[in-house]
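1. Just need the structure, nothing else, for what follows:
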Amino acid sequence: MKKYLIGVLLSGLSLAAAGQNKDVWITRNAQLGFFSSGPIENISATSNQAVSAMNIKTGEVFFKVLISTFQFRNSLMQEHFNEDYLQSDKYPYAQFKGTIVDIPDLSKDGTFPVTIQGQLTIHNVTRAYTVKGNLEVKGGKITASTKFDVRLSDHDITIPRLVIENIAEVVQVTVMAIYSPVQTAGS
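-> Predicted coordinates:
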């Protein structure tokens, strides 16, 4: 399973040679969340099961999450989210593939503001995004964090008329991932 996961992550990055693996850092439990403010109630969910890979030399970044892993405080919300809105049986994954613009020197400790450009695919609809975030290098790990907005209609996610006033058209997405270097045979 571990080799399969690393294969999925590495396939998300266009690595030119296997020798670049020392530049690839991964996480198997990135935390993704979203928040929607509504007049009747706020809606939020999180998943800590996203996988991600980052090439610290080229700045390439790849995230993938199984939609059904998002957990809500209310099981009925979770059911509607999966069945009615995101149709997770038909579109099981969301993914992001992009590049960190002007990647900083991540060989030294510090916190670095970054801009990430890429393609976000949700509900089988891909859109370009440019987001601001931070990379923090500390203790041999890299922590990435960002917040950005996603307009549901941009990804063909429709809200039934009956509840349209309860759900915001734009949701705030948060990402927090702690990366470690890929461990290869002999390391």
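
2. which is the next helix or strand following the helix or strand encompassing residue 94?
-> Element membership for residue 94 (DSSP states H and E) is strand 93-101. Counting by DSSP H and E, the next helix or strand C-terminal to strand 93-101 is strand 110-122.

3. quick one: average pLDDT of that following strand?
-> The average pLDDT for strand 110-122 rounds to 98.

4. Averaged pLDDT, the helix or strand following that strand. What do you get?
-> Sequence-wise, the next helix or strand downstream of strand 110-122 (DSSP H and E) is strand 125-138. Mean pLDDT, strand 125-138: 98.

5. likewise stretch 53-71?
-> For stretch 53-71, the per-residue pLDDT averages 95.

6. which regions of this structure lie under the pLDDT threshold?
-> 1-20, 160-166, 184-187 (pLDDT under 70).

7. Mind doing that once more with 90?
-> 1-22, 36-43, 74, 76-86, 157-170, 182-187 (pLDDT under 90).

8. elements contacting the strand holding residue 94?
-> Other elements packing on strand 93-101 under the criterion 3 or more C-beta pairs under 8 Å, 6 or more residues apart in numbering; DSSP states H and E are strand 60-66, strand 110-122, strand 125-138. Where C-beta positions appear, they are placed from N, C-alpha and C, glycine not excepted.

9. got JSON lines for those strands, with distance to residue 94 and mean neighbour count too?
-> What follows is the helices and strands packed on strand 93-101, written out as JSON lines (distance: least, C-beta to C-beta, whole Å; neighbours: other C-beta atoms under 10 Å):
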{"stretch": "strand 60-66", "distance to residue 94": "5", "mean neighbour count": "21"}
{"stretch": "strand 110-122", "distance to residue 94": "5", "mean neighbour count": "16"}
{"stretch": "strand 125-138", "distance to residue 94": "10", "mean neighbour count": "15"}
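
10. What residues of stretch 167-184 count as buried?
-> 167, 168, 171, 173, 175, 176, 177, 178, 179, 181, 182 (16 or more other C-beta atoms under 10 Å).

11. So which of those is the closest to residue 48?
-> Nearest to residue 48 among those is residue 176, at 9.2 Å by C-beta to C-beta.

12. helix/strand/coil for that closest one?
-> Classification of residue 176 by DSSP: H, G, I helix; E, B strand; the rest coil places it in strand.

13. so what's it bridging to?
-> residue 31, residue 145 (DSSP bridges).

14. Over to residue 65?
-> Beta-bridge pairing for residue 65 (DSSP bridges): residue 94.

15. circling back: what would the helices and strands packed on strand 93-101 look like in JSON lines with distance to residue 87?
-> Shown next, in JSON lines, are the helices and strands packed on strand 93-101 (distance: least, C-beta to C-beta, whole Å):
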{"stretch": "strand 60-66", "distance to residue 87": "14"}
{"stretch": "strand 110-122", "distance to residue 87": "11"}
{"stretch": "strand 125-138", "distance to residue 87": "12"}
